[in-house]
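[1] give me a model of this one.
(4 chains)
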There are 2 protein chains.
Amino acid sequence: MKTTIYDIAKAAGVSIATVSKVINETGRISAETRERVKEIMQEMDYQPSVVAAALTGKSTFTIGLLIPDLANPFYAEIARAVEDRGQELGFNLVMCSTDNKPSKEAQYISLLKQKKVDGIIVSTGFSEEALLQSLIEQHIPIALLARDMPSLEADSVKVDDLWGGYRAVSHLIELGHRRIAVIAENLKLANMRERVQGYCRALSEADIPFDDELVEVSDFSAEGAKDCAYRLLERPKPPTAIFACNDLLATGVIRAARELGLTIPWDLSVVGFDDIAVAEIVDPPLTTINQPIARMGRQVIDLLVEEIRGLKRIPRKVVLTPELVVRQSTTFPRAVD
Amino acid sequence: MKTTIYDIAKAAGVSIATVSKVINETGRISAETRERVKEIMQEMDYQPSVVAAALTGKSTFTIGLLIPDLANPFYAEIARAVEDRGQELGFNLVMCSTDNKPSKEAQYISLLKQKKVDGIIVSTGFSEEALLQSLIEQHIPIALLARDMPSLEADSVKVDDLWGGYRAVSHLIELGHRRIAVIAENLKLANMRERVQGYCRALSEADIPFDDELVEVSDFSAEGAKDCAYRLLERPKPPTAIFACNDLLATGVIRAARELGLTIPWDLSVVGFDDIAVAEIVDPPLTTINQPIARMGRQVIDLLVEEIRGLKRIPRKVVLTPELVVRQSTTFPRAVD
DNA sequence: TTGAAAGCGCTAACAG
DNA sequence: CTGTTAGCGCTTTCAA
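    Numbers count the residues shown, from 1 in each chain, chains lettered A, B, ... in the order given. Modelled structure (predicted):
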């Protein structure tokens, strides 16, 4: 049998209440007995049961992380960042890949509730606001990561997607591009819409007319983006630059260009979004918009843990400014119109 | 307050024991009361507390997954595969990225024990066998994934690394290469040693003398592999092909080659190992050895859950045969010696 | 077929 | 400063 608080109490010749107090550093215990109990706990290699403690209303020290897909490098990096900060604070992460399917999301959330997790970080695409709202009403701490629902009373940490999109496209414009296409992942995602809005803003600021033939909507895959890029590049007047709304899509664009015999950046400039590790690895290294993933992960955990600890406050909406990272996938357009 | 088993019992006019029995489908209950209780549970949106159940000795339906680094695409894909099968069976995954540091590993394991997880899947590099052994003695189900410790009485699922290495290099030999280098990640990892052994076996079978100047040891990063590749390629007589012991290392090789003005595969053939998603994305698409990740993930979970359910058996050591996937990073050597 | 009652390991008043 | 005791929500004999 595993050693319990009773074993310790008996061995130390005190009551379980005393042991509990030294474990939690609550109440007042004489230094002497405290030391003795501690020693015995060491000797007997005692580890308090989180389960039993949780049943009495204490933390489970577990946080759920909802993301679309753990195998997607962006979310894997997000998860790692969150995990790291969680670990520092003593919290474990349970992973929930929902594939952006409401049914999976609901299923995971239900399980997390049954397990009495301390809080949930939501980084999935289009959660039903009602579902999250109900969690809040059940006093389950929630935080949004890499997205936000303005009307939801929950902490959130994200970058300014509109600014990011704007910056990406204005970079292309500064290089001299005028026929710039954009490939988005799914316009139902607020993120994507904002990035495209940034695209529009940059165009309009440069007095470049918006041409809806230059906006393509892909699925979430690099494959999908490749198809979009094909359509774009096989037009009579193809764009000289493409803004892919995330790096994964950008890799699809790169492959399409390669297959069509185009050399990046000379025949086509490409800029991505996210700055995941693969952005550096692809050929050519990708110019992109950097999301400070490590920082974002740390910050959501910090906010969520604050709430878990009961420091009730007004929800904080953190918006970080992403940065343009110029690498080698962008340059001047070969021929000016 | 959350609704408990008592609320249901009261509403249904039965005892909590009865409710418990319909929840768990144990004991004999009249169809009539069963239905009534079920209805009421629905109506009241009752969800049994996993925590309370766990305290009485039942499953927590939680499994710990120990990997070196969740941000590493190979492990992210592994984690996703494991998560998926776990979800199908009702188990949640808690992620533990150890960075192959024994201290982190120990810390995570301790936490997992306190939370009474049902089992642990170990996919980290060099766990101390003693630590895992002690878990087994505490009757905590353990399974090894993508690695094995033959002397440990635990299930394991992995590919035949030696065969994989052999297949990679024999492919190069068949193409006509004779000066073939290998870049390994860390020879303390059994995996890596076996892959290098496969390399050696293929050479010796082809009567190519082993040249220890052609084996480089990198750290775990693409950067490290790039440095190794530089050293290799700047020799007076550089290799015509490089076997990188995993795809991440292979991307480093590709970058080094690119920087040195070499064209793959014409100036240098490269083969990787793992077949992660980026293998298809890099330029040129990477010839590599495929690990059937989805299948591996499914199988460890199945084995582990068997053990969790108490179907005690002799540990199963599953070894799958990886397959060569020929893409565009390999071809004949330009000039035969 | 059902229910009363004794835990599971720990926390938190409340007494002493 | 320390101990007694009543739960937390559920499972599981054992009787009825």
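[2] where do the helices of the stretch 201-337 of chain A begin and end?
    Using DSSP state H, counting those that start in this stretch, the helices of the stretch 201-337 of chain A run over residues A:222-233, A:247-259, A:278-281, A:293-308.
[3] go through those and name the closest to DNA strand D.
    helix A:293-308 (18.1 Å; CB to the nearest atom of the strand). (C-beta placed from N, C-alpha, C; glycine too.)
[4] next, the buried residues of stretch A:161-169.
    Neighbour-count burial for stretch A:161-169 flags A:161, A:162, A:163, A:164, A:165, A:166, A:167, A:168, A:169 (criterion: 16 or more other CB atoms under 10 Å in any protein chain shown).
[5] phi, psi for the third one please.
    The reference is to residue A:163. phi -60, psi -40 (degrees, to the nearest 10).
[6] and the furthest pair within the buried residues of stretch A:161-169?
    A:161 and A:169 (12.6 Å; CB to CB).
[7] coming back round to it: hey, which of the helices of the stretch 201-337 of chain A is tucked in deepest?
    helix A:247-259 (a mean of 25; mean count of other CB atoms under 10 Å in any protein chain shown).
[8] what is the mean pLDDT for that helix?
    Here helix A:247-259 scores 95 as its mean pLDDT.
[9] show me where the stretch 1-150 of chain A has strands.
    A:62-67, A:92-97, A:119-122, A:142-145 (DSSP state E, counting those that start in this stretch).
[10] TSV please, covering the helices of the stretch 201-337 of chain A and showing distance to residue A:18.
    Listed next are the helices of the stretch 201-337 of chain A as TSV, based on distance: least, CB to CB, whole Å:
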stretch	distance to residue A:18
helix A:222-233	60
helix A:247-259	56
helix A:278-281	55
helix A:293-308	28
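[11] select from these the stretch with the lowest mean pLDDT.
    helix A:278-281 (a mean of 92).
[12] elements contacting it?
    helix A:247-259, helix B:278-281 (3 or more CB pairs under 8 Å, 6 or more residues apart in numbering or on different chains; DSSP states H and E).
[13] among those helices, which is nearest residue A:93?
    Per CB to CB, nearest to residue A:93 of those: helix A:247-259, 22.7 Å.
[14] and that closest one with helix A:222-233, angle?
    Orientation check (axes from the mean of the first three to the mean of the last three CA atoms, to 10 degrees): helix A:247-259 against helix A:222-233 gives 50 degrees.
[15] show me what helix A:247-259 is packed up against.
    helix A:73-89, helix A:222-233, strand A:241-244, strand A:269-271, helix A:278-281.
[16] tilt between the longest one and strand B:92-97?
    If I follow you right, that is helix A:73-89. Using the same axes, to 10 degrees: helix A:73-89 against strand B:92-97 is 80 degrees.
[17] for helix A:73-89, packing partners?
    Counting by 3+ CB pairs under 8 Å, 6+ apart, helix A:73-89 packs on strand A:62-67, strand A:92-97, helix A:247-259, helix A:293-308, helix B:73-88, strand B:92-97, helix B:102-114.
[18] buried stuff in that helix?
    A:73-87.
[19] try stretch A:328-337
    Result for stretch A:328-337 [16+ other CB under 10 Å]: buried residues A:329, A:330, A:331, A:333.
[20] as a markdown table, the strands of the stretch 1-150 of chain A with distance to chain B and mean pLDDT would be great.
    Listed next are the strands of the stretch 1-150 of chain A as a markdown table, based on distance: least, CB to the nearest CB, whole Å; pLDDT from 0 to 100:
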| stretch | distance to chain B | mean pLDDT |
| --- | --- | --- |
| strand A:62-67 | 7 | 98 |
| strand A:92-97 | 5 | 98 |
| strand A:119-122 | 12 | 98 |
| strand A:142-145 | 15 | 97 |
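[21] could I get these as JSON lines with distance to DNA strand C and mean neighbour count?
    Putting those into JSON lines (distance: least, CB to the nearest atom of the strand, whole Å; neighbours: other CB atoms under 10 Å in any protein chain shown) gives the following:
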{"stretch": "strand A:62-67", "distance to DNA strand C": "16", "mean neighbour count": "25"}
{"stretch": "strand A:92-97", "distance to DNA strand C": "17", "mean neighbour count": "26"}
{"stretch": "strand A:119-122", "distance to DNA strand C": "18", "mean neighbour count": "26"}
{"stretch": "strand A:142-145", "distance to DNA strand C": "23", "mean neighbour count": "27"}
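[22] want to throw those into a markdown table with distance to residue A:282?
    Output for the strands of the stretch 1-150 of chain A, formatted as a markdown table (distance: least, CB to CB, whole Å):
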| stretch | distance to residue A:282 |
| --- | --- |
| strand A:62-67 | 23 |
| strand A:92-97 | 24 |
| strand A:119-122 | 29 |
| strand A:142-145 | 25 |
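[23] which parts of chain A sit against DNA strand D?
    Remark: the part of chain A in contact with DNA strand D comprises A:13-18, A:21, A:27-30, A:32-34, A:52, A:55-57, using CB under 7 Å from any atom of the strand.
[24] next step: those residues restricted to helices.
    A:16, A:17, A:18, A:21, A:32, A:33, A:34, A:52, A:55 (DSSP state H).
[25] now stretch A:165-184, how far from the chain's geometric center?
    Remark: stretch A:165-184 is offset 25 Å from the chain centroid, using CA atoms, centre = their mean, to the nearest Å.
[26] hang on, the earlier thing: so which of the buried residues of stretch A:328-337 also contact chain B?
    Among those, no residue sits close to chain B (CB under 8 Å from any CB of the partner chain).
[27] between those, which is closest to DNA strand C?
    Among the buried residues of stretch A:328-337, and counting by CB to the nearest atom of the strand, the member closest to DNA strand C is residue A:329, at 54.6 Å.
[28] wait, what's in contact with that closest one?
    A:250, A:254, A:264, A:265, A:269, A:270, A:271, A:272, A:284, A:285, A:286, A:287 (CB atoms under 8 Å, 6 or more residues apart in numbering or on different chains).
[29] I'd say residue A:295 and residue A:320 touch.
    Yes: using CB atoms under 8 Å, residue A:295 is in contact with residue A:320, at 6.9 Å.
[30] tell me how far the residue nearest to residue A:96 when sequence neighbours are not counted lies from residue B:86.
    Distances taken as CB to CB, 6 or more residues apart in numbering or on different chains put residue A:108 closest to residue A:96, at 4.0 Å, once the chain neighbours are dropped. Going from residue A:108 to residue B:86 by CB to CB, to the nearest Å gives 11 Å.
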